[in-house]
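Enquirer: take this sequence and fold it.
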Amino acid sequence: MVDRLKQLPGAAWVEAHPRLAAWIVLALGMVILLAIEARDVGLLPGQWIALTVATVLVAGLCIWIITWGDDDLNGEEPTSS
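Expert: Just a heads-up that it's a prediction; the model follows:
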């Protein structure tokens, strides 16, 4: 199953850039939800742009926070003083 997933187009890029890939996927999902939930609110184009930019930035912040401890798990031993 894993070998089949690695043959998908873009799988090598995702493996090389997991945080950026996660940010893109999360941002896309959040923007889609924003568009669905706010479609009948009557927002102006500038408001849509501002909300979309803010949503993408929040998604990036979420991924950054989630991956704070990843460097510690990659085989690096914490140094003790």
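Enquirer: show me where the chain has its helices.
Expert: For the chain, helices defined by DSSP state H occupy the ranges 2-6, 11-16, 18-38, 45-66, 70-73.
Enquirer: can I get those in TSV with mean pLDDT and mean neighbour count?
Expert: In short, each C-beta sits where N, CA and C put it, glycine included. Converted to TSV, the helices of the chain look like this (pLDDT from 0 to 100; neighbours: other Cβ atoms under 10 Å):
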stretch	mean pLDDT	mean neighbour count
helix 2-6	73	8
helix 11-16	85	12
helix 18-38	96	14
helix 45-66	97	13
helix 70-73	68	9
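Enquirer: next up, the contacts around the closest residue to Trp64 other than its chain neighbours.
Expert: Spatially, and ignoring its direct neighbours in sequence, Trp64 is nearest to Arg19 (7.8 Å; Cβ to Cβ, 6 or more residues apart in numbering). Counting by Cβ atoms under 8 Å, 6 or more residues apart in numbering, Arg19 touches 63-64, 67.
Enquirer: now render those as TSV, adding distance to Trp13.
Expert: TSV is the format used below for the contacts of Arg19 (distance: Cβ to Cβ, whole Å):
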residue	distance to Trp13
Ile63	16
Trp64	20
Thr67	17
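Enquirer: nearest the middle, which residue of this protein would you pick?
Expert: Nearest residue to the geometric centre of the chain (Cα atoms, centre = their mean): Trp23, 1.5 Å.
Enquirer: right, and that residue touches Val58 too?
Expert: No. Using Cβ atoms under 8 Å, Trp23 is not in contact with Val58; the gap is 10.5 Å.
Enquirer: re the thing from before, and which of the contacts of Arg19 is nearest to Ile49?
Expert: Closest approach between those and Ile49, by Cβ to Cβ: Ile63, at 21.7 Å.
Enquirer: tell me who's in contact with the closest one.
Expert: Counted by Cβ under 8 Å, 6+ apart, Ile63 has contacts 19, 22-23, 26.
Enquirer: sweet, I'm off.
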